[in-house]
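Student: Return atomic coordinates for the entry below.
(4 chains)
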2 protein chains.
Amino acid sequence: MTDVARAAGVSKTLVSIVFREAPGASAETRARVLAAAAQIGYVPDERARMLRSRKSTDVGVMFSTQQPLHHDLLDGLYTATSGSRHNLILSAVSETRTQDEAILSLLAFRCGAIIALAPRMTDKHLLALTQDVPVVCVSRPAQAPRLDWVTSDDAGGIRQAVRHLVALGHQRITFLSSPTDCGSPERESGFLAAVHAAGVTGTVLAAGQTGPHGARAAAQILDSLEPRPTALIAFNDRCAKGAMDMIVQRGLSVPRDMSIVGFDDSEVAQRDYVQLTTVRQDTAKIARFAAERALQRIAGIYLESQPDGLLVPTQLIVRATTGPPETAGVHT
Amino acid sequence: MTDVARAAGVSKTLVSIVFREAPGASAETRARVLAAAAQIGYVPDERARMLRSRKSTDVGVMFSTQQPLHHDLLDGLYTATSGSRHNLILSAVSETRTQDEAILSLLAFRCGAIIALAPRMTDKHLLALTQDVPVVCVSRPAQAPRLDWVTSDDAGGIRQAVRHLVALGHQRITFLSSPTDCGSPERESGFLAAVHAAGVTGTVLAAGQTGPHGARAAAQILDSLEPRPTALIAFNDRCAKGAMDMIVQRGLSVPRDMSIVGFDDSEVAQRDYVQLTTVRQDTAKIARFAAERALQRIAGIYLESQPDGLLVPTQLIVRATTGPPETAGVHT
DNA sequence: TTGAAAGCGCTAACAG
DNA sequence: CTGTTAGCGCTTTCAA
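Tutor: The predicted model follows:
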């Protein structure tokens, strides 16, 4: 910066003013400073800048490398913050990095707010965090005061799936849950409420969020002797996919012998060889809300009138993996 | 920090020493400082720390939200740097954020080195960047001095695919390229060399990296009247998938009417309903090398003896989408 | 419209 | 082993 100031023949203050796009510099000076900076290849040190200005305007984002949905959300967050002066500080959760580590790193960078994608911590833990920095939870509702959240209407989404299946004539439906994941409790209770309302038989089986989890659960269902369900609703697309693999591998056909519904409408679902019927999440809207809230909090705006969270509607995308149940008994 | 020092009854220096895990503090003091910090909820300000220590030990990583392979690489990078004192500063390329913006942001955070995943910039541009900070390119070789790189042996991988297909009896093979992507030139020339060596007919068709790209290319192939190829090798799994979709949609069967090979061995390929034969990239090894190089550069180590880059071997994973060609003529 | 000085939270030399 | 001092690159008063 000193170099730029010298090259442009002005003081450091002027350089600062120009780069902050603050008023107080003539157009002529501005141009000369920018030219000198470009010449030298100067980029303001974001760390020093934040350090001195004391207010960190950066938004920290905790996401998971393994969740396709998070990549769509990241896209949405960048879109929502582009144009603003706010940087996104990314902190990933991976196989070798825990959520706590990710959050700690965000704290160390003194983000002005944190957007946590699918935080698997308790409300209490999150609330404690809120003492230090405003937090917006994505993919899970929260109950604590001053804890913002935004998530898909999980229960509503599952209800759409159940109604679709019931309309096709299904009487026995199983939900493959992923107990430790965000949103699973809501989807599970939504499922139970929906099957109850429709007067059909619904069972819940703990599966998990990955393909192998779905496959294992499907195998379990096929191996059991009881009247087999004719339709499966999975916690997410990957789980749905795994279940489908297993069913086909056992010589059965989808959707003839088993209808399958996923959740997310991730790329896997869309591009698949067998087009997966799924519940689509509106990631753009979720991201927009999360970003908006985070920026509000950073600006110190806390409106009593606005609710803590937002439930974003889902949309059922009917593709090729759902159909009427096979009426002629079971062939294994 | 001052608060912690007061609470622990020591000077700020001691607190600094304790948090840096530097020698010069008694175990007793150390414990007292840590206790006080935990009590207060103190986390050292990473920005101030880097600012003062002048050497930024952080590693900047440019990645793309849309590339499944990058998420595996991120995992690998976190694993490779965990345990070291180096932070990973992530900067994403998304629909609304260009590579230049991503790099600029990394520069603004004064990373000690940058790992660029699949940089689509010219060697010249990258070389200019190297003046400011050491750069390690991933997924593409580079020719410039002091520009480190690591990528899969693209040509070798394609050769494995070609040999596999030729061994099955294929005589006409088409490669679906993605001209603007990293690695495509290498794969294309590797393909041409391999078909030449095998004495079979090989053609190249520009497709792209997404499913729709692959589908469009496949349609083009099916619509042309010339002797149709009996096997396709795609730039990546998504492209392969899209081509497969189109082929099946036209009433043909894979691999009977057309064998298909992908590239990457991404989750799509592995979990797919139709198990995709593909060329696996060793992401863990690539990530390890990239991280190792970056840390070396940060440490100021430049060994003349070591090569600029590394070509990591690939592995052909034979699944269900390749088989002998249908000998009875073409049925449309 | 411009410049000089002070200081953000921390680390790195020193000295005790 | 512990404390004091100076300053990283920037922004922010305040004065010219």
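Student: what does chain A put close to DNA strand C?
Tutor: A:10-14, A:17, A:23-26, A:28-29, A:48, A:51-52, A:54 (C-beta under 7 Å from any atom of the strand). (Glycine included, C-beta is placed from N, CA and C.)
Student: filter those residues to the buried ones?
Tutor: A:10, A:14, A:17, A:25, A:29, A:51 (16 or more other C-beta atoms under 10 Å in any protein chain shown).
Student: out of the residues you listed, who's nearest chain B?
Tutor: Relative to chain B, the closest of those is A:L51; by C-beta to the nearest C-beta it sits at 5.2 Å.
Student: What helix or strand is that closest one located in?
Tutor: Assigned by DSSP states H and E, A:L51 belongs to helix A:46-53.
Student: Can you get me a residue count around the residue nearest to A:L176 when sequence neighbours are not counted?
Tutor: Computed as C-beta to C-beta, 6 or more residues apart in numbering or on different chains, the closest residue to A:L176 that is not its neighbour in sequence is A:A207, at 3.8 Å. A:A207 has 30 neighbouring residues, counting by other C-beta atoms under 10 Å in any protein chain shown.
Student: isn't A:A207 right up against A:H213?
Tutor: Yes - the criterion here is C-beta atoms under 8 Å, and A:A207 meets it with A:H213 at 4.8 Å.
Student: Can you work out which residues contact both of these two?
Tutor: A:176, A:178, A:239 (C-beta atoms under 8 Å, 6 or more residues apart in numbering or on different chains).
Student: Can you tell me which of the residues you listed has the most neighbours?
Tutor: Neighbour-wise, the shared contacts of A:A207 and A:H213 (other C-beta under 10 Å) top out at A:C239, 32 neighbours.
Student: With adjacent residues omitted, what lies nearest to it?
Tutor: A:C239 sits nearest to A:G214 (C-beta to C-beta, 6+ apart), 3.7 Å away.
Student: A:A234 too?
Tutor: In space, A:A234 is closest to A:A240, 3.7 Å off (C-beta to C-beta, 6+ apart).
Student: what sits against the one you found?
Tutor: Counting by C-beta under 8 Å, 6+ apart, A:A240 touches A:176, A:214, A:232, A:234, A:260-263, A:269, A:276, A:278, A:321.
Student: For the host helix or strand of A:G157, name the packing helices and strands.
Tutor: Using DSSP H and E, A:G157 sits within helix A:154-168. Secondary-structure packing of helix A:154-168 (3 or more C-beta pairs under 8 Å, 6 or more residues apart in numbering or on different chains; DSSP states H and E): strand A:172-177, helix A:184-198, strand A:231-234, strand A:259-264, strand A:277-280, strand A:315-317.
Student: Quick check: which of those is buried the most?
Tutor: strand A:231-234 (a mean of 31; mean count of other C-beta atoms under 10 Å in any protein chain shown).
Student: residues in contact with it?
Tutor: A:158, A:161-162, A:165, A:168, A:170, A:172-176, A:191, A:207, A:214, A:218, A:221, A:240, A:243, A:258-263, A:322, A:325.
Student: swap in stretch A:120-128?
Tutor: With C-beta under 8 Å, 6+ apart as the criterion, stretch A:120-128 contacts A:99, A:116, A:119, A:135, A:137, A:142-145, A:147, A:180-182.
Student: Using PDB, write down the CA coordinates of the helix holding A:G157.
Tutor: C-alpha atoms of helix A:154-168 as PDB (Å, rounded to 0.1, in the frame of the first residue of the first chain):
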ATOM      1  CA  ASP A 154     -39.800 -31.500   5.000                       C
ATOM      2  CA  ALA A 155     -43.100 -32.800   6.400                       C
ATOM      3  CA  GLY A 156     -45.000 -31.200   3.500                       C
ATOM      4  CA  GLY A 157     -42.600 -32.700   1.000                       C
ATOM      5  CA  ILE A 158     -43.100 -36.200   2.300                       C
ATOM      6  CA  ARG A 159     -46.800 -35.600   2.400                       C
ATOM      7  CA  GLN A 160     -46.700 -34.800  -1.300                       C
ATOM      8  CA  ALA A 161     -44.800 -38.000  -1.900                       C
ATOM      9  CA  VAL A 162     -47.300 -40.100   0.100                       C
ATOM     10  CA  ARG A 163     -50.300 -38.600  -1.600                       C
ATOM     11  CA  HIS A 164     -48.800 -39.300  -5.000                       C
ATOM     12  CA  LEU A 165     -48.200 -42.900  -4.000                       C
ATOM     13  CA  VAL A 166     -51.600 -43.400  -2.500                       C
ATOM     14  CA  ALA A 167     -53.200 -41.900  -5.600                       C
ATOM     15  CA  LEU A 168     -51.400 -44.600  -7.600                       C
END
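Student: Give me the buried positions along it.
Tutor: Quick answer for helix A:154-168 (16+ other C-beta under 10 Å): A:154-162, A:164-166, A:168.
Student: Including pLDDT, could these go into TSV?
Tutor: Compiled in TSV, the buried residues of helix A:154-168 are given as follows (pLDDT from 0 to 100):
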residue	pLDDT
A:D154	97
A:A155	97
A:G156	98
A:G157	98
A:I158	98
A:R159	98
A:Q160	98
A:A161	98
A:V162	98
A:H164	98
A:L165	98
A:V166	98
A:L168	97
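Student: what two of those have the greatest distance between them?
Tutor: A:D154 and A:L168 (21.8 Å; C-beta to C-beta).
Student: Then A:W149 would be within a helix, right?
Tutor: No - if the criterion is DSSP: H, G, I helix; E, B strand; the rest coil, then A:W149 is strand and not within a helix.
Student: Now for it: which residues touch it?
Tutor: Going by C-beta under 8 Å, 6+ apart, A:W149 touches A:136-138, A:140-142, A:308-310.
Student: Of these, keep whichever come out buried.
Tutor: Buried subset of these (neighbour count, 16+ other C-beta under 10 Å): A:136-138, A:140-142, A:308-310.
Student: Contacts for the helix or strand containing the residue nearest to A:C239, please.
Tutor: According to DSSP H and E, A:G214 maps onto helix A:211-223. Identification of contacts with helix A:211-223 by C-beta under 8 Å, 6+ apart yields A:174, A:176, A:178, A:205-208, A:228-229, A:232, A:234, A:238-247, A:250, A:252, A:332, B:267, B:270-271.
Student: cool, and stretch A:191-210?
Tutor: Against stretch A:191-210 from outside (C-beta under 8 Å, 6+ apart): A:155, A:158-159, A:162-163, A:166, A:170-179, A:181, A:188, A:213-214, A:216-217, A:220-221, A:229, A:233-236, A:238-239, A:242-243.
Student: From A:F175, how far out is the nearest residue to A:L252 once chain neighbours are set aside?
Tutor: Using C-beta to C-beta, 6+ apart and skipping residues adjacent in sequence, the residue nearest A:L252 is A:M258, 6.2 Å away. The spacing between A:M258 and A:F175, counted by C-beta to C-beta, to the nearest Å, is 14 Å.
Student: just to revisit the earlier point, pick out whichever of the buried ones among the residues of chain A next to DNA strand C sits closest to A:T79.
Tutor: Closest to A:T79, out of all of those and judged by C-beta to C-beta, is A:L51, at 28.2 Å.
Student: so who does the closest one touch?
Tutor: B:45, B:47-48, B:51.
Student: now A:P68
Tutor: Taking C-beta under 8 Å, 6+ apart, one finds A:237-238, A:264, A:266-268, B:68 in contact with A:P68.
Student: Quick one: classify the residue nearest in space to the middle of chain A as helix, strand or coil.
Tutor: By C-alpha atoms, centre = their mean, chain A has its centre lying nearest to A:H70, at 4.6 Å. At A:H70 the chain is in helix, as set by three-state DSSP.
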